[in-house]
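Undergrad: when you get a sec, could you give me coordinates for this:
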Amino acid sequence: MDLNGLPTRRKRRAIVLSGGDGERMQPFVRRWLGERRPKQYCAFDGQRTMLEHALERASRAVGAERVLCVINEDHRPYLRSPRPIEVPGRLLVQPLRRDTGPGVFLPLAAALASDPEAVVAVLPSDHCIRPVEGFLLVLEEAFALAECLPGYLIMLAAEPDAPEPDYGWIEPGLPLYGSRASLARRFKEKPCPREAERLYRQGCLWNTMMVVAGAAGLWELGRTLCPEMMIHFRELLPRLGTDDEESAIAAAYRDMPSVNFSRHILERACDWTVVLPMTGVRWSDWGRPERVCRDIPLPVPLLGEAKVLHAPS
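TA: As a prediction, the model looks like this:
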């Protein structure tokens with residue numbers, strides 16, 4: 001390895017998830033834009049969409065050429081209108097909706113096909129993260145941990161500012177020597193308000209669904225926890241990058257079971273999870289209109305005033 005650690009850094013990949021439809025946000029978006037549009041293709045803050053912000057964070061972390069972005073087939077128009085969105089690296093398209101599990105493992109398969117020793121960061125595109133520089137420092141720390149701890153998931157956890165019952169929570173366990181990170185003790189998905197208050201008082205953290213891990217280790221975890229899904233990806237893997245890749249993906253998804261990455265994999269992988277707090281970073285999952293309105297100053301969209309938030313072509 002050279003002094004800058006370039007051989008190790010070249011193994012890093014960022015998976016940007018952009019396949020969600022954001023159903024809870026649709027009434028808000030319709031009043032705002034006058035049309036249906038998944039939230040990650042909306043520019044709530046400034047001129048760029050949430051997806052573009054996510055792609056920029058990913059590009060700065062690993063290099064634009066090593067970004068893998070996954071979308072749904074019917075999301076293609078949102079990349080073209082009202083103005084083109086440039087997707088760096090590689091774009092992968094899901095022909096059918098099969099929840100977030102396949103959304104992670106399709107680009108994971110592509111990462112493994114290009115480099116069996118790849119280390120990947122899974123980054124949803126519908127999060128508000130500030131400041132970006134602070135987040136990139138934490139992500140760099142997570143990559144370093146993943147490279148030292150093969151077989152473990154490094155989960156980026158948000159430090160809560162309220163007892164939010166709508167988020168997943170993580171209870172940290174034993175601290176890792178010489179690190180800010182700790183082993184995960186348990187997960188709790190969307191607790192009742194009373195339990196959320198208890199978790200908040202105990203110093204538990206929010207599950208952001210952002211993880212960094214060795215691609216081979218995450219693949220093996222999928223084989224252990226969701227073998228019905230991984231049968232299809234095992235058959236698809238050798239056909240990625242070939243002339244029949246598109247038809248192979250369509251065939252794999254035809255019988256693919258729906259798998260939720262957080263519920264079916266992350267929550268069940270507690271024994272293989274290291275929790276890294278995102279100290280100094282403000283994180284919000286913009287899954288509800290009130291979170292958007294809390295984080296940025298907006299006109300009055302909830303009263304029915306429509307406003308196009310995209311920059312002109």
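
Undergrad: give the buried residues for the longest helix seen in the chain.
TA: Using DSSP state H, we find that the single longest helix of the chain is helix 132-148. Burial within helix 132-148, assessed by neighbour count using 16 or more other CB atoms under 10 Å, is assigned to 135, 138-139, 141-147. The way it works is simple: take the backbone N, C-alpha and C, and place the C-beta from them, glycine included.

Undergrad: next one: stretch 161-179
TA: 163-165, 167-172, 176.

Undergrad: over to stretch 22-30?
TA: So stretch 22-30, judged by 16+ other CB under 10 Å, has buried residues 22, 25, 28-29.

Undergrad: can you list these in CSV and add pLDDT?
TA: Formatted as CSV, the buried residues of stretch 22-30 follow (pLDDT from 0 to 100):
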residue, pLDDT
22, 86
25, 90
28, 88
29, 88
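
Undergrad: let's see which of those residues end up in helices.
TA: Per DSSP H, the subset of those in helices is 28-29.

Undergrad: turn the buried residues of stretch 22-30 into a markdown table, including distance to residue 291.
TA: Shown next, in a markdown table, are the buried residues of stretch 22-30 (distance: CB to CB, whole Å):
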| residue | distance to residue 291 |
| --- | --- |
| 22 | 12 |
| 25 | 10 |
| 28 | 10 |
| 29 | 14 |
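
Undergrad: and which of the buried residues of stretch 22-30 is nearest to residue 127?
TA: residue 22 (12.0 Å; CB to CB).

Undergrad: same for the longest helix of the chain, what does it pack against?
TA: Contacts defined by 3 or more CB pairs under 8 Å, 6 or more residues apart in numbering; DSSP states H and E place helix 132-148 against helix 50-62, strand 119-124, strand 153-158, strand 205-214, strand 273-277.

Undergrad: so which other helices or strands are in contact with the shortest one?
TA: The elements that strand 273-277 packs onto, with contact taken as 3+ CB pairs under 8 Å, 6+ apart, are helix 132-148, strand 153-158, strand 168-175, strand 182-189.

Undergrad: setting aside sequence neighbours, what's the nearest residue to residue 100?
TA: Excluding the flanking residues, the one nearest residue 100 by CB to CB, 6 or more residues apart in numbering is residue 261, at 4.0 Å.

Undergrad: where does the stretch 201-313 of the chain dip in pLDDT?
TA: In the predicted model, the stretch 201-313 of the chain carries pLDDT under 70 at residues 297-313.

Undergrad: about what we covered before: just the CA trace of the longest helix of the chain, in PDB.
TA: Taking Å, rounded to 0.1, in the frame of the first residue of the first chain, the C-alpha atoms of helix 132-148 are listed here in PDB:
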ATOM      1  CA  VAL A 132     -21.700  17.100   4.800                       C
ATOM      2  CA  GLU A 133     -18.100  17.400   5.900                       C
ATOM      3  CA  GLY A 134     -18.800  16.000   9.300                       C
ATOM      4  CA  PHE A 135     -20.700  13.100   7.800                       C
ATOM      5  CA  LEU A 136     -17.900  12.300   5.400                       C
ATOM      6  CA  LEU A 137     -15.500  12.100   8.300                       C
ATOM      7  CA  VAL A 138     -17.800   9.600  10.100                       C
ATOM      8  CA  LEU A 139     -18.100   7.600   6.900                       C
ATOM      9  CA  GLU A 140     -14.300   7.500   6.500                       C
ATOM     10  CA  GLU A 141     -14.200   6.200  10.100                       C
ATOM     11  CA  ALA A 142     -16.800   3.500   9.200                       C
ATOM     12  CA  PHE A 143     -14.800   2.400   6.200                       C
ATOM     13  CA  ALA A 144     -11.700   2.000   8.300                       C
ATOM     14  CA  LEU A 145     -13.600  -0.100  10.800                       C
ATOM     15  CA  ALA A 146     -15.100  -2.300   8.200                       C
ATOM     16  CA  GLU A 147     -11.700  -2.900   6.700                       C
ATOM     17  CA  CYS A 148     -10.300  -3.900  10.100                       C
END
